[in-house]
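Visitor: Quick one, structure for this:
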Amino acid sequence: MAESYRDRAIVVKRHDLGEADRIIVLFTRGHGIVRAVAKGVRRAKSRFGSRLAPFVDVDVQIHPGRNLGTITGADAMRTWAAPIVDDYARYTCACGVLETAERLAGEEGTPSPGLWDLTVEALEALAHSETGGGERITGRTPGLLLTAYLLKAMAEAGWAPSLFDCAQCGKPGPHKAFAPSAGGAVCVECRPPGAATPPTDVLRLMWWLAHDRWDYVEAVAGHRGFRPLAAQARGLATAHLQFHLGRRVSALTFVDARWGEEGPS
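Guide: Model prediction:
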């Protein structure tokens, strides 16, 4: 008989089961994606109902089962729920982070601690992100944080797009074409039909975000014309991710460019 284990986890999805139970899809640090039943969690007097919610870092006790495990204990370690749920931009971007993490984590039971750490860092950053209204824009808006997460998560999965040298022949950049099917930035000779032709500033911004160069982002975030560059960067990152996944990440379609990036248009 398999033994129970404890692990740190983030709730990715929840599905009601019967009258009082719920199936919880967890992204755990040491066991990857785990599906488990939380019995009686929908009752008002549940011992850990509120802890098994999205945007909460929880320490869980899980008893493995043939198809589904059973959650026998849960302790909240930290929560980002209030600041994320109360803001549309933060919420939609955070949902994009969680669904991306689930897709990139791969098969159930496969550990991905690096991706888990990136996901926790992204939720922490989103909970404290700027959503407009301030006089000074520093660049750490929900949309840019999401783009940074997508790029770093793809690098963790081995799918990082080339953003400077040609992804096909290695010719030094910068280049003026980007194609997910070719691996990212491509030169004129290697450019496939249908490749996007973003300004080089877009690929430069993506490189900054992928490498946490927020000092450079902050220096240009308040400039006129920055918002469309940021929107294009997220669009290219999303296209690259979905090409390599072979499927759409539904939550990313709800990230509205009007809310995802702030600054002069």
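Visitor: And the helices in the protein?
Guide: 81-85, 88-105, 113-127, 142-157, 200-210, 214-220, 226-245, 257-260 (DSSP state H).
Visitor: any chance of these in CSV, plus distance to Arg6?
Guide: From N, CA and C alone the C-beta is placed, and that goes for glycine too. As requested, the helices of the chain are arranged in CSV below (distance: least, C-beta to C-beta, whole Å):
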stretch, distance to Arg6
helix 81-85, 22
helix 88-105, 19
helix 113-127, 15
helix 142-157, 24
helix 200-210, 33
helix 214-220, 35
helix 226-245, 30
helix 257-260, 36
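Visitor: Quick one: those as CSV, columns for mean neighbour count, mean pLDDT and distance to Ser4 too.
Guide: Putting the helices of the chain into CSV (neighbours: other C-beta atoms under 10 Å; pLDDT from 0 to 100; distance: least, C-beta to C-beta, whole Å) gives the following:
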stretch, mean neighbour count, mean pLDDT, distance to Ser4
helix 81-85, 16, 94, 27
helix 88-105, 23, 95, 22
helix 113-127, 20, 97, 20
helix 142-157, 25, 96, 29
helix 200-210, 22, 96, 39
helix 214-220, 15, 92, 41
helix 226-245, 21, 94, 32
helix 257-260, 18, 48, 41
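Visitor: list the contacts for Gly235?
Guide: Contact analysis of Gly235 by C-beta atoms under 8 Å, 6 or more residues apart in numbering lists nothing.
Visitor: and with 10 Å instead?
Guide: Counting by C-beta atoms under 10 Å, 6 or more residues apart in numbering, Gly235 touches Thr147, Ala196, Pro198, Val202, Leu252, Ala257.
Visitor: what's the closest non-adjacent residue to the fourth one?
Guide: Here the nearest residue to Val202 in space, its sequence neighbours aside, is Gln232; by C-beta to C-beta, 6 or more residues apart in numbering that works out to 4.7 Å.
Visitor: for the first one, same thing?
Guide: If you skip the residues right next to it in sequence, Thr147 has Arg234 as its closest partner in space, 4.4 Å away by C-beta to C-beta, 6+ apart.
Visitor: and the gap between the spatially closest residue to Ala195 that is not a sequence neighbour and Leu229?
Guide: Leaving aside its chain neighbours, Ala195 sits nearest to Ala179 (3.9 Å; criterion: C-beta to C-beta, 6+ apart). According to C-beta to C-beta, to the nearest Å, Ala179 and Leu229 sit 19 Å apart.
Visitor: Neighbours of Gly106, how many?
Guide: 14 (other C-beta atoms under 10 Å).
Visitor: before we move on, back to that, the residue nearest to Val202 reaches Ala196, doesn't it?
Guide: Yes - here Gln232 reaches Ala196: they are 8.4 Å apart, a contact under C-beta atoms under 10 Å.
Visitor: re earlier: ok, the residue nearest to Thr147 - contacts?
Guide: So Arg234 contacts 93, 96, 143-144, 146-148, 150-151, 202, 205-206, 209, 252, 255, 257, 260-261 (C-beta under 10 Å, 6+ apart).
Visitor: before we move on, the earlier item: since we're on the residue nearest to Ala195, how many residues are nearby?
Guide: Ala179 has 23 neighbouring residues, counting by other C-beta under 10 Å.
Visitor: Relative to Arg78, which of the contacts of Gly235 is nearest.
Guide: Closest to Arg78 out of those is Thr147 (24.0 Å), distances taken as C-beta to C-beta.
Visitor: Next one: that closest one from Leu252, what distance?
Guide: 10 Å.
Visitor: what touches both of these two?
Guide: Joint contacts of Thr147 and Leu252 (C-beta under 10 Å, 6+ apart) are Cys93, Gly96, Arg234, Gly235, Ala237, Thr238.
Visitor: between those residues, which is nearest Gly106?
Guide: Lowest distance from Gly106 to the shared contacts of Thr147 and Leu252 (C-beta to C-beta) belongs to Gly96, with 18.3 Å.
Visitor: Cool, thanks, signing off.
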